[in-house]
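Enquirer: Sequence below, structure please.
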Amino acid sequence: AIDSTHIKRIAQPAVEKGAFEQALGKSGDGCTSKLHALADGKGRPRVLILTAGNINDITVAANLIDRAGPLRRLLADRAYDANHLRDRLAAQNIQAVIPSTTSRRQPIAYDRRAYKARNRIERLWCRLKDWRRIATRYDKLARNFLSGAYIAAILTCWIN
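Expert: Numbering: from 1, shown residues only. Predicted coordinates for the structure are as follows:
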């Protein structure tokens, strides 16, 4: 399953030079970041990528898929409904379980039963955001925040 979540930055100075390199994007409320994840069938994260909060989810999807290794199917929400992503998945023999956006004239069929398992990645975000360090970004540097996210993911999902 693939998804992302917004993270609001606390202690927000004016957006300074180099903010985009530190995964800080402008929003109406200040600076935000977005954490993208690709999780396995048990809801454990395999790949985490941090971007600025104003980046669209679909732009990071190819990078997540490339880093994940071999996949059989990909569960994603409507934000990932794009022909180029579906073509890429079909070329790699990966089943796309992605509902169509309402703007599609011809909705594409998907496995509704398999799609119900996408709640696992939503539960992943709930577990990760139990960590205050992940729910609100206090770190100025992207590498520090992402390393904290990896540690939280290891402790909550991989070590039981």
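Enquirer: hey, where'd the helices end up in the protein?
Expert: 58-68, 83-91, 112-115, 119-128, 132-135, 142-153 (DSSP state H).
Enquirer: Rebuild those helices as a markdown table, extending it with mean pLDDT, distance to Thr32 and mean neighbour count.
Expert: Backbone N, C-alpha and C define where each C-beta goes, glycine included. Converted to a markdown table, the helices of the chain look like this (pLDDT from 0 to 100; distance: least, C-beta to C-beta, whole Å; neighbours: other C-beta atoms under 10 Å):
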| stretch | mean pLDDT | distance to Thr32 | mean neighbour count |
| --- | --- | --- | --- |
| helix 58-68 | 93 | 15 | 16 |
| helix 83-91 | 94 | 24 | 14 |
| helix 112-115 | 92 | 28 | 11 |
| helix 119-128 | 92 | 15 | 17 |
| helix 132-135 | 88 | 12 | 15 |
| helix 142-153 | 91 | 12 | 17 |
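Enquirer: what's the closest of those to Ala37?
Expert: The closest of these to Ala37 is helix 119-128. By C-beta to C-beta, the value is 6.6 Å.
Enquirer: Find me whatever residue is spatially closest to Ile121, sequence neighbours aside.
Expert: Here the nearest residue to Ile121 in space, its sequence neighbours aside, is Ala1; by C-beta to C-beta, 6 or more residues apart in numbering that works out to 4.0 Å.
Enquirer: what sits against that neighbour?
Expert: Taking C-beta atoms under 8 Å, 6 or more residues apart in numbering, we find Ala1 in contact with 38-39, 43, 74-76, 117-118, 120-121.
Enquirer: Against Asn83, how distant is it?
Expert: Taking C-beta to C-beta, to the nearest Å as the measure, Ala1 and Asn83 are separated by 21 Å.
Enquirer: same thing with Leu38?
Expert: Separation of Leu38 from Asn83 (C-beta to C-beta) stands at 20 Å.
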